[in-house]
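Visitor: Here is my input, please return the structure:
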Amino acid sequence: MQLGAFSVSLNVKDIKVSREFYLKLGFEEMGGNIEQNWLIMKNGSTVIGLFQGMFDKNLMTFNPGWDQAAQPLESFTDIREIQKALKIDGVELMQEADEKTKGHASVMLVDPDGNPILLDQHV
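Guide: Residues are numbered from 1 along each chain as shown. Prediction:
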């Protein structure tokens, strides 16, 4: 099972303050829209997302179909296949992808310690 690119999505109080902080740590903007209260930032191969008012908690994010530079992969495990495998293994899903669709879809689950995990496919 290939989960794709990994990042940490941070629930921030003030996206502008958080942006400035992470810029000082050497991160650069690679995507998003600060006016919509979300940014994707990168430092080397490390990717973080800053999200104001979109999530209750910080969460781990995997992007099936993308590499760490958000470039499409030639081959990958579609999120619907990942979802089927997780369900077969008895993993409880908080949000499911519509298995009748193609392309963009999301799946949400929580690990045994309460850490939310978002599988968010954009291709």
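Visitor: sec struct for Leu86, please.
Guide: With DSSP: H, G, I helix; E, B strand; the rest coil as the basis, the three-state label of Leu86 is helix.
Visitor: burial count for it?
Guide: Number of residues near Leu86 (other Cβ atoms under 10 Å) recorded here: 17. (Each C-beta comes from the backbone N, C-alpha and C, glycine too.)
Visitor: In contact with it, which residues?
Guide: Leu93, Val107, Leu109 (Cβ atoms under 8 Å, 6 or more residues apart in numbering).
Visitor: Distance of it relative to Leu119?
Guide: Using Cβ to Cβ, to the nearest Å, we find Leu86 at a distance of 9 Å from Leu119.
Visitor: got any residues that touch both of the two?
Guide: Counting by Cβ under 8 Å, 6+ apart, the common neighbours of Leu86 and Leu119 are Val107, Leu109.
Visitor: what's the burial count for Ile34?
Guide: Neighbour count for Ile34, taken as other Cβ under 10 Å: 13.
Visitor: Distance check, the residue lying closest to it once chain neighbours are set aside against Glu35.
Guide: Distance criterion Cβ to Cβ, 6 or more residues apart in numbering; nearest residue to Ile34, sequence neighbours excluded, is Ile15 at 6.0 Å. Distance, Ile15 to Glu35, using Cβ to Cβ: 10 Å.
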